[in-house]
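Chemist: Give me a 3D structure for the following:
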Amino acid sequence: MDRLAGGFNPHTLADLTPVSTAVAGLVLPSAFHQRPDGQWVLDDTLLNSAEVTNTDPFTVTYRIRHDAQWSNTAPIAAEDFGYLAEQIRTQPGVVDSAGYQLIDEVGSRDGGKTAEVVFRRPYAGWRTLFRQLLPAHLLKDAPGGWSSALDGGFGVSGGPFVLISFDPVRGELLLGRNDRYWDTPAQVDRILFREGSDAAVVDALRTGGAQAALFGHPDAITELLLGDAGGSTVTVVPQPILASVLLRPASAVLDDKRVRVAVAAVLDRPGLIATGTASGPSMALQADSQVFAPSQPAYRPSVPAAGPPGQSDPKTTHRLLTEAGYTRGPDGWERAGNPLRLVVAAAVDREPYGVLATRVAAVLRAAGIQADLRLVPPDELLDTGVPGTVGADIAVLPQPVAGDPGTQVASWYGCPLVVPAKLAQAPPNPAGLCDLSLQPLIEQALTADDPGGALAARVETGLWERIVTVPLYQQAWLLVTTPALEGVIPGSPLEGPLDGAQRWRLRL
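Modeler: So this is what the prediction gives:
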């Protein structure tokens, strides 16, 4: 791999990296999996069945296999379903919380081997829930259980592989066959992930030191090097992540829509895309929609043809900042003697976001807007939902791509859903946006049977008008395999490039 970064909780924005996505799919169990064609299929290695068993209230019953167990022999049980639902619903900085906010209760029956999930309203996207379950019996009482217990890896496994070791200093991560896995065992005994420069990784492929390589942020130079390697199969696999610029309405400055649109009109979106993709395969995945990612079947470009955020527009910036009470002086834009100053933040050691944030700050300064660049630990930026101690007006960060577009929109833009008194209120979304005029549309999209229909167009229009997020592009993995490796069939973006690695075989 080109980069091994720590943090292995696949449900937090702070740990949303190629490594965590790849590893989680091999060690954590899921109720359903998404096929490359977008369809959701039951994982019968974990469940005997999952079905809607009541419509009033809307109830889904999951029947867990009696032999499904964690690698420490603890059973995988309804408790794990309840723990994941509670954490995602109440923790800040999580991935796709809206579906879990609809859950009233997770009941346990049959000695914990049946989970009965009661929703407060029908939810068409219920199959997208309970992916990559976590071991509740270990995490619920662990110090910093949700936020930090998985920083160094997984203590147990519920999949075909178990994480044996992670050494960030040496740049190595080792997975081994889970001997307590109850279903078909993995074909290969071990998978060793080793970090190296692009040139070193390509050389390992050429000399036989590696049978596969995974580039999390490939560029044009990487593709050129791979072209010289010869004999390898190169597959572009979209990641479930958009690189985006978040203009936070929770900011004291950007709560004024005029200022937000004026700032968006400054941003050089084509230049940001070129900077982030470095002419690599992500360049072909430019994100021109607020609801769908380029890899999703229903994707249609909807970005406005002229003006922000698709194109820079200095006249719009000047007009809107003037309307908001700012004047352009010799030192830049100011109001009542105070300069227009914005904090641009990104997580440190999480490229390409730092590079993109640096360019955003430079473009703002060139337009007369003072910009302070802050690169902070991922937990400080993202697990607190961006505000907190960072005080970011603009955040450059990964925007998750959900299996259900209505869930994606509601999680990223929606107000926290109203819950019964017995349940804790969910935290705000990463932007801190709660637009009551837009919320009815968002809630309709969340519970609609066809969120990709006419409703999506109305949501798109509303989101482009508010310009809270400037999506740039969908990131892509580059999976390279040599002829020595058989059975490689990369899965959907949500499943990751190593989907099915338990079926890989070495050609001897």
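Chemist: I'd say residue 94 and residue 87 touch.
Modeler: Yes. With contacts counted by Cβ atoms under 8 Å, residue 94 reaches residue 87, the gap being 7.5 Å. The C-beta positions use only the backbone N, C-alpha and C, and glycine is treated the same way.
Chemist: Spit out the residues that contact these two alike.
Modeler: residue 11 (Cβ atoms under 8 Å, 6 or more residues apart in numbering).
Chemist: Just want to know which of those two has more residues nearby.
Modeler: residue 94 (25 against 22; other Cβ atoms under 10 Å).
Chemist: Can you spell out which residues form a bridge with that one?
Modeler: Beta-bridge pairing for residue 94 (DSSP bridges): residue 12.
Chemist: which residues touch it?
Modeler: 11, 12, 13, 87, 88.
Chemist: which of these sit farthest apart?
Modeler: 13 and 87 (13.7 Å; Cβ to Cβ).
Chemist: how close does residue 102 get to residue 124?
Modeler: Here the criterion is Cβ to Cβ, to the nearest Å. By it, residue 102 lies 11 Å from residue 124.
Chemist: what residues do the two have in common as contacts?
Modeler: Each of residue 447 lies in contact with both residue 102 and residue 124 under the rule Cβ under 8 Å, 6+ apart.
Chemist: So for these two, which sits in the more crowded spot?
Modeler: residue 102 (26 against 16).
Chemist: can I assume the more buried one is in contact with residue 117?
Modeler: No. Residue 102 lies out of contact with residue 117 (Cβ under 8 Å); the separation is 9.7 Å.
Chemist: all strands for the stretch 301-450 of the chain, in order.
Modeler: Here the stretch 301-450 of the chain has its strands, by DSSP state E, counting those that start in this stretch, at 327-329, 332-335, 338-339, 341-347, 370-376, 394-400.
Chemist: export the ones you listed to CSV and tack on mean neighbour count?
Modeler: Putting the strands of the stretch 301-450 of the chain into CSV (neighbours: other Cβ atoms under 10 Å) gives the following:
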stretch, mean neighbour count
strand 327-329, 12
strand 332-335, 18
strand 338-339, 11
strand 341-347, 23
strand 370-376, 17
strand 394-400, 26
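Chemist: Now do the closest residue to residue 130 other than its chain neighbours, the pLDDT please.
Modeler: Among residues not flanking residue 130 along the chain, residue 31 sits closest, at 4.1 Å (Cβ to Cβ, 6 or more residues apart in numbering). As predicted, residue 31 sits at a pLDDT of 96.
Chemist: By mean pLDDT, flag the weakest helix or strand of this structure.
Modeler: helix 220-229 (a mean of 72; mean pLDDT, DSSP states H and E).
Chemist: For it, what is the distance to the chain centroid?
Modeler: 27 Å (Cα atoms, centre = their mean, to the nearest Å).
Chemist: Also stretch 367-387?
Modeler: Centre-to-centre, stretch 367-387 and its host chain are 18 Å apart (Cα atoms, centre = their mean).
Chemist: now swap in stretch 416-433 and tell me
Modeler: 20 Å.
Chemist: So which bits of that stretch are buried?
Modeler: Of the residues in stretch 416-433, those buried under the neighbour-count criterion (16 or more other Cβ atoms under 10 Å) are 417, 419, 423, 426, 427, 428, 429, 430, 431, 432, 433.
Chemist: Check stretch 41-57 too.
Modeler: Those would be 42, 43, 45, 46, 47, 50, for stretch 41-57 by 16+ other Cβ under 10 Å.
Chemist: For the third one, which non-adjacent residue is closest in space?
Modeler: So the one you mean is residue 45. Distance criterion Cβ to Cβ, 6+ apart; nearest residue to residue 45, sequence neighbours excluded, is residue 183 at 4.3 Å.
Chemist: swap in residue 351?
Modeler: Computed as Cβ to Cβ, 6+ apart, the closest residue to residue 351 that is not its neighbour in sequence is residue 217, at 6.0 Å.
Chemist: contacting residues for that neighbour?
Modeler: Per Cβ under 8 Å, 6+ apart, neighbours of residue 217: 2, 3, 278, 280, 282, 351, 352, 475.
Chemist: Farthest pair within the residues you listed?
Modeler: So, the contacts of residue 217 by Cβ to Cβ: farthest apart are 3 and 282, at 15.0 Å.
Chemist: So which of these two has more stuff around it?
Modeler: residue 282 (28 against 17).
Chemist: which stretches of the stretch 101-250 of the chain have low pLDDT?
Modeler: In the predicted model, the stretch 101-250 of the chain carries pLDDT under 70 at residues 227-230.
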